[in-house]
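Q: Provided below are the primary sequence and the corresponding predicted coordinates.
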Amino acid sequence: MADVAIPRAKPSMSEGGAWTQLKHNRNWLGFWFMVPAMAFLIFFLAYPLGLGIWLSFTDTRIGRVGHFVGTENYEWLWDDSIFWLSVFNTLLYTFVASALKFAIGLYLALLLNENMPFKAMLRAMVLIPFIVPTVLSALAFWWIFDSQFSIISWSLKHLGVINQNINFLGDTTWARICVIFANIWRGVPFVAITLLAGLQTVSPSLYEAATLDGATRWQNFRYITYPLLTPIIAVVMTFSVLFTFTDFQLIWAMTRGGPVNATHLMATLSYQRAIIAGQLGEGAAISSAMIPFLLAAIMVSWFGLQRRKWQQGENND
Amino acid sequence: MSSVQIRDVRKSFGNFEVLHGVTVPIEDGQFVVLVGPSGCGKSTLLRMLAGLENITSGTISIGDRVVNNVQPKERDIAMVFQNYALYPHMTVADNMGFSLKLRNASADEINKRVKRAAEILALAPLLDRYPRQLSGGQRQRVAMGRAIVRDPQVFLFDEPLSNLDAKLRVAMRTEIKELHQRLKTTTVYVTHDQIEAMTMADKIVVMHDGIVEQMGTPLELYDKPDNQFVAGFIGSPAMNFLKGHVRVNGVATFEGPNGVKLPLKTAPAASDGRPAVYGVRPEHFTIADDGAEAEIIVVEPTGSETQVFAKIGGEQVVAVFRERHQFNPGDKIRLKPDPSLVHLFDEATGKRLNA
């Protein structure tokens, strides 16, 4: 495109017609190329975000235009114990699931980085939970954790470990464990495969050098692998935390926030209040309340885990 | 410091044998260079010495201890890698002190030894830098510093200069040799560059296709190569080879391509008419009236010497002259090899024929 644009740019300057300018000026041409991306971002990200924040300051309901009510929605939420329960649930869910996803993902990545038979096949298999649509896997878990037909209860009963079915999704503690388990199952492949990619960028000669320097396998990990992996860990865990914090599908398909709101996350509570109950303003306020938490998570990775000194350029060659 | 004995060592990857029984004795304090074309097994041998590859059969001993089943870290060796393998997230000082840290040496001890090594290698001002902030030559020195700090029995170098530019390579060559003269640590050095081998080694081991072709001092290999491979590998420009037959009728001569007569000092016993390969180094030609007729193709002056590419009996040869001749392409000259310095090899086996 550039070689077409350059010769035409000059005459368009002298002709000066506004329409010709728009068609041929190089700056405008650049603008036209950006329009699709900009439109996408504005319509699907900026506009909904702005609208959500605006709605949170109104008393809009479904089917009725609302009025500006200031921070009334937020004041209501401040005194709402269910909202605070959902905040607690979200933090618990995010923290436990992310920590375990990191631990299991790192373990799997290290395992898959070893030389072993069927390596390529095993690596592909690890990705399966990531490929299955979320709602499908949630439905599968729903059955696995069903109060009557759970395969786990069935197996344990036949092994003689328990006498009656475990009420997986009916008991508050069990329900939390179950949804966290499902989230981990789904999130581990992302962490594992990304960390595996990171592991493969570490030059094998570094391990050889460390081995000759006297490092044990653990010391190899502690002093070579882990420090070299930190930049990737930072990125992966930021994404993982963001995805987990905003999770909706798994919860909604498995428990709808129950029992007694024990698994209600901010996202599901927001949906319930805004769409099911029709209180768009209040739901939007719950959604908007997630923003500070998400920003905090990004800040932690940005300032705490950003590029290390040893990664910065400054070649003296 | 220690001697190293490599006895009948073999290495197979699956069914594919890459080293076919290699025996190399290395004396205490010697600088030994393993040299050969790529794929000859020299790096594999070095890695087996380091303990990074298993030994399929045979033994390797360091000092009087067989190390076949000794862990790399217990072999008391230090290795400099081709890509230096510096830890990118550690400063120069930490890179050099890492092995001591792993051995739980005290901070004082680490500091002292790192400082000493840094002084030897002129790295003192760079101790707080990260590898990324260093030039190629500096990284190379840090890699050597990491080896020196450990004060090992044996230094191993795996093509350490091949990532440097030509000028730096020459400088580092001298630096490594000087370092060896100072520390007198037994050193095994792998390279594919015969000039590096010639200039640095106490003893050169020429390897080819998984066997040792010849070992000896640089000048032994240059003056008396055991076979045509070593003759062609050592020396630059490479030795000229002319195929032909030995003729003995009164005087021994060599009948080269298209009947060209070349002088021989003595012929091997009962060798009249024997097919052979006549080897002569470019610097052993002189211009003489009784020389073989040659037609000049290309003249390449380098300043200190002039390389002349010419055809003798239709075969291309190269001659090197330190004196300045006025040659032009197409000129006919007479090139005479010095008969006391020519080499004769068996045509089939490549083995040396003359004494």
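A: Here it is on my side, so go on.

Q: residues from chain B in reach of chain A?
A: B:50-52, B:72-73, B:77-79, B:81-83, B:85, B:87-90, B:98-99, B:102-103, B:130-136, B:138, B:146, B:150 (CB under 8 Å from any CB of the partner chain). Every residue, glycine included, has its C-beta placed from N, CA and C.

Q: Quick check: what element follows the longest helix along chain A along the chain?
A: In chain A, taking DSSP state H as the definition, the longest helix is helix A:81-112. Going down the chain from helix A:81-112, the next helix or strand is helix A:119-126, by DSSP states H and E.

Q: where in the chain is pLDDT low?
A: Answering for chain A, as no chain was given. Counting by pLDDT under 70, chain A contains low-confidence ranges at A:1-16, A:304-317.

Q: The intended chain is chain B.
A: Along chain B, segments meeting pLDDT under 70 span B:1, B:355.

Q: domain parsing for it?
A: With domains defined by automatic domain parsing, chain B comprises B:4-225, B:240-346.

Q: count of neighbours near residue B:79?
A: Counted with other CB atoms under 10 Å in any protein chain shown, residues neighbouring residue B:79 total 29.

Q: again with residue A:68
A: By other CB under 10 Å, the residues close to residue A:68 number 10.

Q: And for the one 3 residues further on?
A: Counted with other CB under 10 Å, the neighbours of residue A:71 add up to 12.

Q: what do you get for residue B:10?
A: 16.

Q: Now do the contacts for it.
A: If you count contacts by CB atoms under 8 Å, 6 or more residues apart in numbering or on different chains, residue B:10 has them with B:17, B:19, B:20, B:21, B:22, B:55, B:56, B:57, B:58.

Q: one step back: highest mean neighbour count out of the domains of chain B?
A: domain B:4-225 (a mean of 19; mean count of other CB atoms under 10 Å in any protein chain shown).

Q: Show me how far that one is from its chain's centre.
A: Chain-centre distance of domain B:4-225: 14 Å, with CA atoms, centre = their mean, to the nearest Å.

Q: how long is that domain from one end to the other?
A: Chord length of domain B:4-225, first to last residue, is 25 Å (CA to CA, to the nearest Å).

Q: Quickly note the distance from the residue most central in space within chain A to chain B.
A: Nearest to the geometric centre of chain A sits residue A:243, at 1.6 Å (CA atoms, centre = their mean). To chain B, residue A:243 is 28 Å away according to CB to the nearest CB, to the nearest Å.

Q: okay, now the nearest residue to residue B:227 once chain neighbours are set aside: neighbour count?
A: Of all residues not flanking residue B:227 in the chain, residue B:350 sits nearest, at 4.6 Å (CB to CB, 6 or more residues apart in numbering or on different chains). With neighbours defined by other CB under 10 Å, the count for residue B:350 comes to 18.

Q: coming back round to it: if you count neighbours, what's buried in the longest helix of chain A?
A: By 16 or more other CB atoms under 10 Å in any protein chain shown, the buried positions in helix A:81-112 come out as A:83, A:85-87, A:89-90, A:93-94, A:96-98, A:100-102, A:104-106, A:108-110, A:112.

Q: In three-state terms, label residue B:167 for me.
A: At residue B:167 the chain is in helix, as set by DSSP: H, G, I helix; E, B strand; the rest coil.

Q: Just the CA atoms of stretch B:69-87, as CSV, please.
A: Provided in CSV are the C-alpha atoms of stretch B:69-87 (Å, rounded to 0.1, in the frame of the first residue of the first chain):
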residue,chain,number,x,y,z
ASN,B,69,30.3,-43.6,37.4
VAL,B,70,31.2,-40.4,39.2
GLN,B,71,28.7,-37.5,39.2
PRO,B,72,29.9,-34.5,37.2
LYS,B,73,30.0,-32.3,40.3
GLU,B,74,32.3,-34.8,42.0
ARG,B,75,34.8,-35.0,39.1
ASP,B,76,36.4,-31.7,40.1
ILE,B,77,36.4,-30.3,36.5
ALA,B,78,35.3,-27.0,35.2
MET,B,79,34.0,-26.4,31.7
VAL,B,80,33.7,-23.4,29.4
PHE,B,81,30.8,-23.7,27.0
GLN,B,82,30.7,-22.6,23.4
ASN,B,83,27.8,-20.2,24.2
TYR,B,84,29.4,-19.4,27.6
ALA,B,85,26.2,-20.6,29.4
LEU,B,86,26.3,-17.6,31.7
TYR,B,87,23.4,-17.4,34.1
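
Q: residues in contact with residue B:92?
A: The contact partners of residue B:92, by CB under 8 Å, 6+ apart, come to B:118, B:123, B:126, B:127, B:128, B:129, B:130, B:131, B:134, B:142, B:145.

Q: Which one of the residues you listed is nearest to residue A:53?
A: Relative to residue A:53, the closest of the contacts of residue B:92 is residue B:130; by CB to CB it sits at 43.8 Å.

Q: Okay, residue A:219 and residue A:192: tell me how far apart.
A: Separation of residue A:219 from residue A:192 (CB to CB, to the nearest Å) stands at 23 Å.

Q: who's more crowded, these two?
A: Using other CB under 10 Å as the criterion, residue A:219 and residue A:192 rank with residue A:192 on top: 25 against 16.

Q: Check which helix or strand the more buried one maps to.
A: Counting by DSSP H and E, the element that carries residue A:192 is helix A:172-199.

Q: my guess is residue B:23 contacts residue B:4, does it?
A: No - between residue B:23 and residue B:4 there is no contact under CB atoms under 8 Å: 11.7 Å.

Q: Going by contacts, tell me the helices and strands next to the longest helix of chain A.
A: helix A:119-126, helix A:172-199, helix A:226-245, helix A:266-271, helix A:280-299 (3 or more CB pairs under 8 Å, 6 or more residues apart in numbering or on different chains; DSSP states H and E).

Q: mind redoing it with 10 Å?
A: Judged by 3 or more CB pairs under 10 Å, 6 or more residues apart in numbering or on different chains; DSSP states H and E, helix A:81-112 is in contact with helix A:72-78, helix A:119-126, helix A:172-199, helix A:226-245, helix A:249-254, helix A:266-271, helix A:280-299.

Q: taking those together, which one is wrapped up most tightly?
A: Most buried of those, by mean neighbour count (mean count of other CB under 10 Å): helix A:266-271, with a mean of 24.

Q: which residues are in contact with that helix?
A: Residues outside helix A:266-271 that contact it (CB atoms under 10 Å, 6 or more residues apart in numbering or on different chains) are A:52, A:56, A:77, A:80, A:82-83, A:85-87, A:89-91, A:93, A:245-252, A:255-258, A:261, A:264-265, A:277, A:282-290, A:293.

Q: Where do the helices of the stretch 1-150 of chain B begin and end?
A: In the stretch 1-150 of chain B, helices defined by DSSP state H, counting those that start in this stretch lie at B:42-50, B:92-102, B:107-120, B:136-149, listed in chain order.

Q: Can you show me the CA trace of the shortest one as PDB?
A: Presented in PDB, the C-alpha positions along helix B:42-50 are these (Å, rounded to 0.1, in the frame of the first residue of the first chain):
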ATOM      1  CA  LYS B  42      35.400 -34.500  19.800                       C
ATOM      2  CA  SER B  43      32.700 -32.600  21.600                       C
ATOM      3  CA  THR B  44      31.100 -35.900  22.600                       C
ATOM      4  CA  LEU B  45      34.400 -37.000  24.100                       C
ATOM      5  CA  LEU B  46      34.700 -33.800  26.000                       C
ATOM      6  CA  ARG B  47      31.200 -34.100  27.300                       C
ATOM      7  CA  MET B  48      31.900 -37.700  28.400                       C
ATOM      8  CA  LEU B  49      34.900 -36.400  30.300                       C
ATOM      9  CA  ALA B  50      32.700 -33.800  32.000                       C
END
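
Q: would you turn the helices and strands packed on helix A:81-112 into CSV with distance to residue B:172?
A: Output for these, formatted as CSV (distance: least, CB to CB, whole Å):
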stretch, distance to residue B:172
helix A:72-78, 68
helix A:119-126, 39
helix A:172-199, 33
helix A:226-245, 27
helix A:249-254, 59
helix A:266-271, 61
helix A:280-299, 47
